[in-house]
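Structure for the following, please:
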Amino acid sequence: MKIGSLYQIARVASKRSNLSHCRFFQHDYVPRDPKTKPIKYRYPDSYDPYGPTPPPSDKIIQLAEKIASLPIEERMQIGPALRDKVMHPKLESIDVEGVDLGAQQQGVSAKAEEKKVEKTSFDVKLEKYDAGAKLKVIKEIRSFTDLGLKEAKDLVEKVPVILKQQVTKEEANSIIEKIKAVGGVAVME
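This is a model prediction of the structure:
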(Lines give C-alpha, C1' and ligand atoms only; values in the text may rest on other atoms or scores of the structure.)
Protein backbone atom coordinates (compact mmCIF):
# COMPACT_ATOMS: atom_id res chain seq x y z
CA MET A 1 0.00 0.00 0.00
CA LYS A 2 1.33 3.42 -0.91
CA ILE A 3 1.93 6.20 1.58
CA GLY A 4 -0.43 8.53 -0.26
CA SER A 5 -3.33 6.11 0.11
CA LEU A 6 -2.56 5.63 3.83
CA TYR A 7 -2.65 9.39 4.26
CA GLN A 8 -6.05 9.57 2.55
CA ILE A 9 -7.46 6.78 4.74
CA ALA A 10 -6.25 8.50 7.90
CA ARG A 11 -7.70 11.82 6.75
CA VAL A 12 -11.11 10.33 5.96
CA ALA A 13 -11.17 8.38 9.24
CA SER A 14 -10.36 11.49 11.24
CA LYS A 15 -13.18 13.43 9.58
CA ARG A 16 -15.74 10.71 10.29
CA SER A 17 -14.97 10.08 13.95
CA ASN A 18 -13.71 13.54 14.86
CA LEU A 19 -10.25 12.23 15.81
CA SER A 20 -8.53 15.50 15.01
CA HIS A 21 -8.08 16.15 18.72
CA CYS A 22 -6.77 12.70 19.51
CA ARG A 23 -3.29 12.23 20.91
CA PHE A 24 -1.60 10.11 18.25
CA PHE A 25 1.96 10.58 19.48
CA GLN A 26 1.41 9.58 23.12
CA HIS A 27 0.95 5.83 22.84
CA ASP A 28 0.48 5.37 26.60
CA TYR A 29 -2.13 8.12 27.04
CA VAL A 30 -5.25 6.98 28.83
CA PRO A 31 -7.95 9.64 29.13
CA ARG A 32 -9.21 10.34 32.67
CA ASP A 33 -12.75 9.42 33.45
CA PRO A 34 -14.55 12.75 34.03
CA LYS A 35 -16.89 11.19 36.62
CA THR A 36 -14.11 10.20 39.03
CA LYS A 37 -13.14 12.50 41.86
CA PRO A 38 -9.52 13.50 42.44
CA ILE A 39 -7.55 11.52 45.00
CA LYS A 40 -7.13 13.30 48.32
CA TYR A 41 -3.86 12.57 50.04
CA ARG A 42 -3.48 12.72 53.78
CA TYR A 43 -0.54 14.78 54.89
CA PRO A 44 1.13 14.47 58.32
CA ASP A 45 0.48 17.20 60.87
CA SER A 46 4.16 18.12 61.09
CA TYR A 47 7.15 17.26 58.97
CA ASP A 48 10.71 17.01 60.25
CA PRO A 49 13.26 16.46 57.44
CA TYR A 50 15.85 15.13 59.91
CA GLY A 51 13.58 12.45 61.33
CA PRO A 52 12.56 11.98 64.94
CA THR A 53 14.85 13.54 67.54
CA PRO A 54 16.03 11.48 70.49
CA PRO A 55 14.74 12.44 73.94
CA PRO A 56 16.97 14.79 75.96
CA SER A 57 19.43 13.31 78.44
CA ASP A 58 18.90 13.44 82.21
CA LYS A 59 21.58 16.11 82.53
CA ILE A 60 19.71 18.40 80.12
CA ILE A 61 16.39 17.78 81.91
CA GLN A 62 17.95 18.69 85.29
CA LEU A 63 19.50 21.83 83.78
CA ALA A 64 16.13 22.87 82.32
CA GLU A 65 14.45 22.36 85.72
CA LYS A 66 17.11 24.51 87.41
CA ILE A 67 16.65 27.27 84.84
CA ALA A 68 12.85 27.13 85.23
CA SER A 69 13.15 27.47 89.00
CA LEU A 70 15.25 30.68 88.75
CA PRO A 71 13.61 34.07 89.24
CA ILE A 72 12.82 36.10 86.12
CA GLU A 73 15.69 38.59 86.67
CA GLU A 74 18.29 35.79 86.68
CA ARG A 75 16.67 34.04 83.70
CA MET A 76 17.04 37.25 81.69
CA GLN A 77 20.80 37.20 82.35
CA ILE A 78 21.25 33.65 80.95
CA GLY A 79 20.94 34.68 77.27
CA PRO A 80 23.67 37.35 77.23
CA ALA A 81 25.96 35.22 79.42
CA LEU A 82 25.64 32.22 77.09
CA ARG A 83 26.14 34.40 74.03
CA ASP A 84 29.35 35.80 75.46
CA LYS A 85 30.57 32.40 76.62
CA VAL A 86 29.69 30.25 73.61
CA MET A 87 29.54 32.45 70.53
CA HIS A 88 32.61 34.63 70.98
CA PRO A 89 35.93 32.83 71.34
CA LYS A 90 38.75 34.37 73.32
CA LEU A 91 40.37 37.12 71.29
CA GLU A 92 44.04 36.57 70.50
CA SER A 93 46.68 39.12 69.66
CA ILE A 94 47.21 39.84 65.96
CA ASP A 95 50.64 39.61 64.35
CA VAL A 96 51.40 43.08 62.95
CA GLU A 97 54.52 42.19 61.01
CA GLY A 98 54.35 43.85 57.61
CA VAL A 99 51.77 46.43 58.70
CA ASP A 100 52.88 50.04 58.80
CA LEU A 101 52.07 51.38 62.28
CA GLY A 102 53.68 54.76 61.77
CA ALA A 103 56.59 56.00 63.89
CA GLN A 104 56.22 53.26 66.53
CA GLN A 105 57.86 50.43 64.64
CA GLN A 106 59.97 51.71 61.78
CA GLY A 107 62.20 48.63 61.89
CA VAL A 108 59.31 46.29 61.21
CA SER A 109 58.11 48.29 58.18
CA ALA A 110 61.63 48.26 56.73
CA LYS A 111 61.62 44.45 56.90
CA ALA A 112 58.26 44.39 55.14
CA GLU A 113 59.60 46.47 52.24
CA GLU A 114 62.52 44.07 51.79
CA LYS A 115 60.30 41.03 51.78
CA LYS A 116 58.02 41.33 48.73
CA VAL A 117 55.23 38.87 48.16
CA GLU A 118 55.71 36.86 44.97
CA LYS A 119 52.69 36.81 42.68
CA THR A 120 51.29 33.32 42.02
CA SER A 121 48.36 33.95 39.68
CA PHE A 122 48.50 35.93 36.46
CA ASP A 123 46.22 37.27 33.73
CA VAL A 124 47.00 36.80 30.03
CA LYS A 125 46.21 39.83 27.86
CA LEU A 126 46.08 39.92 24.06
CA GLU A 127 47.75 43.17 22.99
CA LYS A 128 47.62 42.96 19.19
CA TYR A 129 47.71 40.55 16.26
CA ASP A 130 48.55 40.56 12.57
CA ALA A 131 45.54 41.19 10.33
CA GLY A 132 46.30 38.10 8.26
CA ALA A 133 46.61 35.90 11.36
CA LYS A 134 43.21 36.82 12.84
CA LEU A 135 41.65 33.43 12.04
CA LYS A 136 44.63 31.55 13.50
CA VAL A 137 44.50 33.64 16.67
CA ILE A 138 40.78 32.93 17.04
CA LYS A 139 41.37 29.18 16.65
CA GLU A 140 44.19 29.27 19.18
CA ILE A 141 42.06 31.18 21.71
CA ARG A 142 39.31 28.57 21.32
CA SER A 143 41.84 25.82 22.05
CA PHE A 144 42.59 27.00 25.61
CA THR A 145 39.21 28.54 26.48
CA ASP A 146 35.71 27.12 26.31
CA LEU A 147 34.43 29.87 24.03
CA GLY A 148 32.46 29.31 20.84
CA LEU A 149 33.50 30.70 17.47
CA LYS A 150 31.41 33.87 17.74
CA GLU A 151 32.52 34.63 21.31
CA ALA A 152 36.19 34.10 20.43
CA LYS A 153 35.83 36.35 17.35
CA ASP A 154 34.19 39.10 19.42
CA LEU A 155 36.94 38.76 22.02
CA VAL A 156 39.72 39.11 19.44
CA GLU A 157 38.08 42.17 17.89
CA LYS A 158 38.11 43.97 21.27
CA VAL A 159 41.93 44.07 21.43
CA PRO A 160 43.54 44.79 23.94
CA VAL A 161 41.58 42.28 26.02
CA ILE A 162 42.24 39.80 28.84
CA LEU A 163 42.06 36.26 27.51
CA LYS A 164 42.40 34.23 30.68
CA GLN A 165 42.50 35.20 34.36
CA GLN A 166 44.02 33.64 37.47
CA VAL A 167 46.38 31.18 35.78
CA THR A 168 49.77 29.92 36.93
CA LYS A 169 52.97 31.35 35.55
CA GLU A 170 53.74 28.21 33.53
CA GLU A 171 50.27 28.11 31.97
CA ALA A 172 50.43 31.83 31.18
CA ASN A 173 53.81 31.40 29.48
CA SER A 174 52.54 28.49 27.38
CA ILE A 175 49.50 30.52 26.26
CA ILE A 176 51.73 33.47 25.34
CA GLU A 177 54.00 31.19 23.30
CA LYS A 178 51.04 29.65 21.45
CA ILE A 179 49.63 33.07 20.54
CA LYS A 180 53.06 34.32 19.51
CA ALA A 181 53.46 31.29 17.21
CA VAL A 182 50.28 32.11 15.27
CA GLY A 183 51.03 35.83 14.89
CA GLY A 184 49.61 37.53 17.97
CA VAL A 185 51.18 39.44 20.84
CA ALA A 186 50.13 38.55 24.36
CA VAL A 187 51.50 39.71 27.70
CA MET A 188 51.29 38.48 31.27
CA GLU A 189 49.92 40.83 33.93
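
after the lowest-mean-pLDDT helix or strand in the chain comes which helix or strand?
Lowest by mean pLDDT, DSSP states H and E among the helices and strands of the chain is helix 106-114, with a mean of 53. Later in the chain than helix 106-114, the nearest helix or strand by DSSP states H and E is strand 122-129.

elements contacting that following strand?
With contacts taken as 3 or more C-beta pairs under 8 Å, 6 or more residues apart in numbering; DSSP states H and E, strand 122-129 sits against helix 134-144, helix 149-157, strand 161-167, helix 169-182, strand 184-188. From N, CA and C alone the C-beta is placed, and that goes for glycine too.

Ok, which of these comes nearest I94?
Among the helices and strands packed on strand 122-129, strand 161-167 comes nearest to I94, with 28.1 Å by C-beta to C-beta.

Can you give the strand pairings for the closest one, parallel or anti for each?
Strand pairing for strand 161-167, using DSSP bridges, gives strand 122-129 (antiparallel).

centre of the chain versus the strand it pairs with, how much separation?
Centroid separation between strand 122-129 and its chain, computed with C-alpha atoms, centre = their mean, to the nearest Å, is 27 Å.

Likewise for stretch 170-189?
29 Å.

Just the mean pLDDT for that stretch, thanks.
For stretch 170-189, mean pLDDT is 89.

So what touches stretch 172-183?
Applying C-beta atoms under 8 Å, 6 or more residues apart in numbering, the contact partners of stretch 172-183 are 122-124, 126, 129-130, 132-133, 136-137, 139-141, 143-144, 163-164, 167, 185-188.

low-scoring stretches of the chain, by residue?
When residues are selected by pLDDT under 70, those of the chain lie in 1-29, 88-93, 98, 100-117.

Okay, now stretch 83-97: how far is its last residue from its first?
32 Å (C-alpha to C-alpha, to the nearest Å).

buried sites along the helix or strand containing K59?
Following DSSP H and E, one finds K59 within helix 58-69. Within helix 58-69, not a single residue qualifies as buried, counting by 16 or more other C-beta atoms under 10 Å.

repeat for stretch 135-155
Neighbour counts over stretch 135-155 (16+ other C-beta under 10 Å) mark K136, V137, I138, E140, I141, R142, F144, A152, K153, L155 as buried.

what sits up against it?
L126, Y129, V156, V161, L163, K164, I175, K178, I179, V182, G183, G184.

One more pass at 10 Å, please.
124, 126, 128-130, 133-134, 156-157, 159, 161-164, 167, 171, 174-175, 178-186 (C-beta atoms under 10 Å, 6 or more residues apart in numbering).

Pull out the buried members of those residues.
124, 126, 129, 134, 156, 163-164, 167, 175, 178-179, 182-186.

right, so of the helices and strands packed on strand 122-129, which gets closest to R83?
strand 161-167 (39.5 Å).

and the closest one with helix 149-157, angle?
100 degrees (axes from the mean of the first three to the mean of the last three C-alpha atoms, to 10 degrees).
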